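*Asks:* need a structure here:
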Amino acid sequence: SDVLIADEFAAGANTKTVGVHEIPDGWLGVDIGKATIDQFKKILSEAKTVVWNGPMGVFEIEDFAKGTEEIARYLVEITENGATTIVGGGDSAAAVKKFNLEDQLSHVSTGGGASLEFLEGKVLPGVAALTDK
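*Replies:* Below you'll find the predicted structure:
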């Protein structure tokens with residue numbers, strides 16, 4: 001797979017796409033590359049349920065947002081075709097909101113870690129307090 005790298009953590013940085021194991025010293029991995037996006041889409045195309053936690057790159061910086069945006073838009077597409085798509089986590093929720101997609105997915109949770117613990121079947125103290133008699 002490939003990754004977008006940058007020579008600094010800033011808009012306007014020099015960027016290039018390299019293999020995931022070929023990041024040179026002094027460069028930063030800031031997004032997934034086109035081949036990786038295509039790999040994700042191929043796998044997601046067969047999914048009936050997707051739980052997404054964590055953006056693909058540093059979506060807050062426009063130069064590094066392509067992977068996150070393309071995957072988010074693809075999740076909308078598979079949702080329209082019947083898949084259940086759940087976005088969990090503050091950063092992922094912020095990403096789909098940035099791209100104005102939050103109403104086009106099955107569920108967007110801002111619970112972050114609590115969302116994942118719920119899916120793992122762990123006891124959530126706040127919920128337990130409500131259900132204790």
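
*Asks:* what's the helix or strand of the chain with the lowest mean pLDDT in contact with?
*Replies:* The helix or strand with the lowest mean pLDDT-type score in the chain, counting by mean pLDDT, DSSP states H and E, is helix 113-119 (a mean of 79). Under the criterion Cβ atoms under 8 Å, 6 or more residues apart in numbering, residues 51, 53, 88, 89, 109, 111, 124, 127 lie in contact with helix 113-119. For every residue, glycine as well, the C-beta is placed using N, CA and C.

*Asks:* where in the protein is pLDDT low?
*Replies:* Of all residues in the chain, those with pLDDT under 70 make up the ranges 112, 133.

*Asks:* which stretches in it count as strands?
*Replies:* Assigned by DSSP state E, the strands in the chain fall at 2-6, 15-19, 28-32, 49-52, 84-88, 107-109.

*Asks:* for residue 37, what are its contacts?
*Replies:* With Cβ under 8 Å, 6+ apart as the criterion, the residues that contact residue 37 are 56, 66, 67, 70, 71.

*Asks:* contact partners for residue 41?
*Replies:* Listed by Cβ under 8 Å, 6+ apart, the contact set of residue 41 reads 70, 71, 74.

*Asks:* excluding its backbone neighbours, what's nearest the last one?
*Replies:* Right, residue 74. In this structure, residue 74 finds its nearest non-sequential neighbour in residue 41, 5.3 Å apart by Cβ to Cβ, 6 or more residues apart in numbering.

*Asks:* repeat that for the first one.
*Replies:* Once flanking residues are discounted, residue 70 sits nearest to residue 37: 5.1 Å by Cβ to Cβ, 6+ apart.

*Asks:* relative to residue 1, how far out is the one you found?
*Replies:* Remark: distance between residue 37 and residue 1 (Cβ to Cβ, to the nearest Å) = 10 Å.
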